[in-house]
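Undergrad: Everything below, folded, please.
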Amino acid sequence: MFDSLKALPADAILRLIAEYADDTRDEKIDLGVGVYRSEAGDTPILNSVKEAERRLLESQTTKAYVGSGGDGEFNDAMQRLTFGDDVPHERITTLQTPGGSGSLRVAAGLVLRAKPDTTVWVSDPTWANHEPLLGGAGLDLQSYPYYDREQCAIRFDEMKKAIQRIPAGDIVLLHGCCHNPTGMDLERAQWQEVAELIADRKLLPFVDLAYQGFAHGIEDDAWAVRLLAGKVPEMIVSSSCSKNFGLYRDRVGSLSVVSSNAETAAIVRSQTHNIVRTMYSMPPDHGAAVVRIILCDHALRRVWEDEVRGMRKRLQSMRELLTAALAKAAPGHDFSHIERANGMFCFVGLSPDQVESLKRDHGVYMVGSSRINVAGITPGNVAYLARSIASVL
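TA: Next up, the predicted model:
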């Protein structure tokens with residue numbers, strides 16, 4: 001049977017990780033892998049997470065199944081974190097999922113059951129895994145204009161015109177904050193226009209909220225979700241706890257579906273639970289229990305919020321440092337867009353050949369599109385990075 005299979009090319013990020021690990025040069029920089037890193041170059045366990053894990057270890061009395069919907073208290077806490085009190089909670093179905101990726105895949109299954117001929121419109125560019133997770137599930141994916149690679153800015157007028165042409169009933173996938181891979185987010189006035197367009201066109205917004213807290217703040221970064229929720233009868237939100245809780249390997253996320261009424265929400269709940277049962281049966285418990293403990297304890301939540309604030313400030317600081325260093329190393333080029341972006345990612349604005357030269361000649365690793373993870377920058381390597389980039393321009 002398996003002799004008929006053909007080998008697939010390695011994932012670009014995984015290949016980059018392996019190449020970086022094999023590089024023996026002292027001066028090398030990894031800007032590819034999508035995890036937060038401290039100035040020491042590690043991905044730390046948050047103090048709030050350590051304390052929650054300690055409490056969990058002392059209090060947990062069973063490892064019995066948690067059910068297809070996961071931890072109910074976690075779901076309630078994530079629902080409040082995402083929507084606040086802006087939407088009647090009886091209209092929202094929230095379930096725990098294995099990370100944001102699991103959330104996207106369950107959402108795809110729900111859409112296929114509800115309206116299999118629906119088209120999902122994603123930004124150009126969008127997160128690389130949106131296509132295999134949503135398109136691979138069987139959904140038709142099309143793109144709308146978002147980022148101008150020459151101007152390093154959002155193509156907002158073109159984006160609006162594209163949304164105006166999308167057929168009623170289709171889905172528009174939006175990044176709630178910290179757009180991946182560009183780092184360029186809509187301003188609030190632009191979100192207002194997009195929300196009005198989506199409501200007028202009777203489209204269903206699908207918000208991927210993977211970086212809540214990394215742009216402007218935990219509450220501020222939910223603003224667009226709450227704006228949309230107040231204007232449309234239905235929407236989908238996929239959330240991830242990988243970045244803002246540092247729980248990458250524990251696979252913690254949630255899926256929230258807003259329905260037009262409580263009766264429909266109950267039907268959505270039954271359908272999503274059935275999809276989960278036929279896919280992975282139920283989500284892992286440990287990481288979600290940790291998040292639940294943090295979000296449900298006022299003092300521990302304050303510790304977590306301070307830690308998220310610290311990560312956000314470090315990312316902002318590295319953007320500023322790199323922009324200033326590039327202004328010095330390459331005065332004839334404008335890299336100010338790096339400082340204007342939010343979150344962990346942005347495009348530098350290099351060609352694939354220049355990216356390859358950086359890797360080969362300088363040990364600077366980034367994906368071919370020149371998307372970088374700014375968490376790989378430190379005060380100790382930023383000058384070398386800027387000189388290396390300047391040398392390939």
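Undergrad: Quick check: next helix or strand after the longest helix belonging to the chain?
TA: Across the chain, the longest stretch assigned as helix under DSSP state H is helix 298-329. Heading C-terminal from helix 298-329, the first helix or strand you meet, by DSSP states H and E, is helix 336-340.
Undergrad: How about the longest helix of the chain, which residues are buried there?
TA: Of the residues in helix 298-329, 300-301, 303-305, 307-308, 311-312, 314-316, 318-319, 321-323, 325-326, 329 count as buried by neighbour count, 16 or more other Cβ atoms under 10 Å. To be clear about C-beta, it is placed using only N, CA and C from the backbone, and glycine gets the same treatment.
Undergrad: Kindly report the same for stretch 114-123.
TA: The neighbour-count check on stretch 114-123 (16+ other Cβ under 10 Å) flags 120-123 as buried.
Undergrad: How far does it stretch from one end to the other?
TA: Start-to-end span of stretch 114-123 (Cα to Cα, to the nearest Å) is 23 Å.
Undergrad: average pLDDT for it?
TA: When pLDDT is averaged over stretch 114-123, the result is 97.
Undergrad: so how far is stretch 281-290 off the chain centroid?
TA: Relative to the centre of its chain, stretch 281-290 is centred 19 Å away, using Cα atoms, centre = their mean, to the nearest Å.
Undergrad: Contacts for that stretch, please.
TA: By Cβ atoms under 8 Å, 6 or more residues apart in numbering, the residues outside stretch 281-290 that reach it are 49, 52-53, 56, 60, 63, 65-68, 70-71, 74, 96-98, 102, 241, 245, 247, 250-252, 276.
Undergrad: Restrict those to the buried ones and give me that as a ChimeraX selection.
TA: Buried members of the contacts of stretch 281-290, identified by 16+ other Cβ under 10 Å, are gathered into one ChimeraX selection as follows:
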select :49,52,53,66,67,68,70,71,74,96,97,98,102,241,245,247,250,251,252,276
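Undergrad: Looking at the contacts of stretch 281-290, which are in strands?
TA: Using DSSP state E, 96-97 are the members of those that sit in strands.
Undergrad: Now do the same for the spatially most central residue of the chain: its pLDDT.
TA: Residue closest to the mean C-alpha point of the chain, counted by Cα atoms, centre = their mean, is A210 at 2.9 Å. Here, the pLDDT recorded for A210 equals 97.
Undergrad: Select from the buried residues of stretch 114-123 every entry located in strands.
TA: Those of those mapping onto strands are 120-123, per DSSP E.
Undergrad: S240 against P98, yeah?
TA: No. At 10.4 Å, S240 and P98 do not qualify as touching, with contact defined as Cβ atoms under 8 Å.
Undergrad: what do the two both touch?
TA: Jointly contacting S240 and P98 under the rule Cβ under 8 Å, 6+ apart are 252-253.
Undergrad: Contacts for stretch 178-194, please.
TA: By Cβ under 8 Å, 6+ apart, stretch 178-194 touches 34, 123, 125-128, 146-147, 152-154, 156, 159-160, 163, 174-175, 177, 210-211, 214-215, 221, 223-224, 227, 337, 340-347, 369, 371.
Undergrad: which of those residues are buried?
TA: Neighbour counting with 16+ other Cβ under 10 Å marks 34, 123, 125-128, 146-147, 152, 154, 156, 159-160, 163, 174-175, 177, 210-211, 214-215, 221, 223-224, 227, 337, 341-347, 369, 371 as buried within the contacts of stretch 178-194.
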